[in-house]
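Colleague: Quick one: sequence plus predicted model below, questions after.
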Amino acid sequence: MVNDFDLGERLRAVRQMQGLSQRELAKRAGVSNAIISLIEQNRTSPSVGSLKKVLGGIPMSLADFFAGELTPRRQVFFAAADLVEIAGRGGLSYRQVGPDLAGHALQILHERYAAGADTGDTLLRHESEEGGVVLRGRLEVTVGDQRRILEPGDAYYFDSRLPHRFRNPGDEECEVVSACTPPSF
């Protein structure tokens with residue numbers, strides 16, 4: 001059986017996926033920068049103990065290091081331009097944090113409602129829970145037989161299986177940050 005595992009290339013890939021320089025990994029692991037460089041160039045074959053020490057700076061177990069495919073880190077930070085418009089019509093804008101929610105348990109939205117904008121006469125329902133905070137403007141929220149006009153700083157949180165609707169009754173844009181779990185929009 002031929003072993004084509006490239007330990008140096010694997011360490012480089014893991015380090016880069018973590019966003020670490022050789023120097024930063026060396027510092028975290030308590031080894032010299034030269035050691036990291038030599039391992040990545042396959043110019044030295046580290047002992048199991050040495051490799052374990054290096055991986056401790058990531059942190060990553062030996063088992064995960066030698067496991068099959070490397071899984072890239074999920075994006076953590078999103079610039080305003082990275083938010084994805086998922087519903088922009090009729091004076092409504094729902095911009096989602098993250099382009100793909102597969103495997104995620106939470107959906108976060110930056111919502112904007114133009115003056116008079118409304119989610120429609122048909123009340124919404126879906127298998128989820130949702131909540132949000134009004135950042136500016138006013139938002140009328142109807143949940144079942146309850147209705148309230150929320151001002152900046154006010155919030156809502158409810159079981160989304162209840163029929164609900166959102167409407168901006170004001171004369172200025174309303175801005176909300178909301179979350180829904182599981183993602184259902």
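Modeller: Looks like it came in fine. Predicted, not measured: the structure shown is a model, and the values here were computed from it. Residues are numbered from 1 along each chain as shown.

Colleague: From Thr181, how far out is Tyr157?
Modeller: 11 Å (CB to CB, to the nearest Å). The C-beta positions use only the backbone N, C-alpha and C, and glycine is treated the same way.

Colleague: Of these two, which one has the most company?
Modeller: Thr181 (15 against 12; other CB atoms under 10 Å).

Colleague: Next, the contact list for the more buried one, please.
Modeller: 105-107, 128-130 (CB atoms under 8 Å, 6 or more residues apart in numbering).

Colleague: Any idea how many residues pack against His104?
Modeller: By other CB under 10 Å, neighbour count at His104 equals 14.

Colleague: hang on, it packs against Ser184?
Modeller: No: His104 is beyond contact range of Ser184, at 11.7 Å (criterion: CB atoms under 8 Å).

Colleague: one step back: could you flag which of the contacts of Thr181 are buried?
Modeller: Neighbour-count burial (16 or more other CB atoms under 10 Å) applied to these gives 107, 128, 130.

Colleague: got the contact list for the second one?
Modeller: To tie it back to what came earlier, the one meant is Ser128. 160-161, 180-184.

Colleague: Mind giving me the packing neighbours of the helix ranked longest in the chain?
Modeller: Determined from DSSP state H, the single longest helix within the chain is helix 7-17. With contacts defined as 3 or more CB pairs under 8 Å, 6 or more residues apart in numbering; DSSP states H and E, the packing partners of helix 7-17 are helix 33-40, helix 62-66.
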